[in-house]
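*Asks:* Return atomic coordinates for the entry below.
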Amino acid sequence: MLLIDRGLLDGSAYVSKENWQALLDDMGVNVVMLRDNRYDAILHMCTAADGAEKFYASLNNEARYESIAEAVEKDKKLRNVYMGHSRWCWVGNKDIPDFNTKINNAKEWIHEILGRKTGSSFYKKFLLKKGPISAST
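*Replies:* Down below sits the predicted model:
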């Protein structure tokens, strides 16, 4: 399984409808084709800006340049563009006390998508660094 943070259709939330349609037309594709043929499932984790505002880190995270209102607007656009997928799953913020609970909800969806019962899990993270290439390689 491969989880990605951003999908191909995310660009639609950052440009006008006209520019997005022009791009799709230039590529000879449409939203349904890109969404349904590219992804086996969509797991949409709602932005913290919508319902968990105190956790929305626009002040201390350089990657977040949008205001809360802008983040909510973009998240709703993304929700609408991906929602038509037959295996679209939603992880919202309602009644979620902390981020760990939200992650656990996401993991439950992943287990359901994979057809597995939830159980113990472990994480392996790898940091890949580019180093000098030796003469023997």
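*Asks:* Isn't Ala48 up against Phe55?
*Replies:* Yes - here Ala48 lies in contact with Phe55, judged by Cβ atoms under 8 Å, at a distance of 4.2 Å. The C-beta positions use only the backbone N, C-alpha and C, and glycine is treated the same way.
*Asks:* and the two? which has more neighbours close in?
*Replies:* Per other Cβ atoms under 10 Å, whichever of Ala48 and Phe55 has more neighbours is Ala48, with 21 against 14.
*Asks:* Look at that one and give its secondary structure.
*Replies:* Counting by DSSP: H, G, I helix; E, B strand; the rest coil, the backbone at Ala48 sits in coil.
*Asks:* Name all residues that make contact with it.
*Replies:* With contact set as Cβ atoms under 8 Å, 6 or more residues apart in numbering, Ala48 has these partners: 55-57, 93.
*Asks:* now swap in Gly11 and tell me
*Replies:* Here Gly11 is in contact with 20, 23 (criterion: Cβ under 8 Å, 6+ apart).
*Asks:* now Asn30
*Replies:* Leu24 are the contacts of Asn30 under Cβ under 8 Å, 6+ apart.
*Asks:* And it, what's its pLDDT?
*Replies:* With respect to pLDDT, Asn30 scores 95.
*Asks:* Give me the neighbour count for Lys107.
*Replies:* With other Cβ under 10 Å as criterion, Lys107 counts 14.
*Asks:* If you could redo that for Val29, that was the one I meant.
*Replies:* 14.
*Asks:* now do the one 4 residues further on
*Replies:* Counted by other Cβ under 10 Å, the residues lying close to Met33 total 12.
*Asks:* Which helix or strand contains it?
*Replies:* Counting by DSSP states H and E, the element that carries Met33 is helix 31-38.
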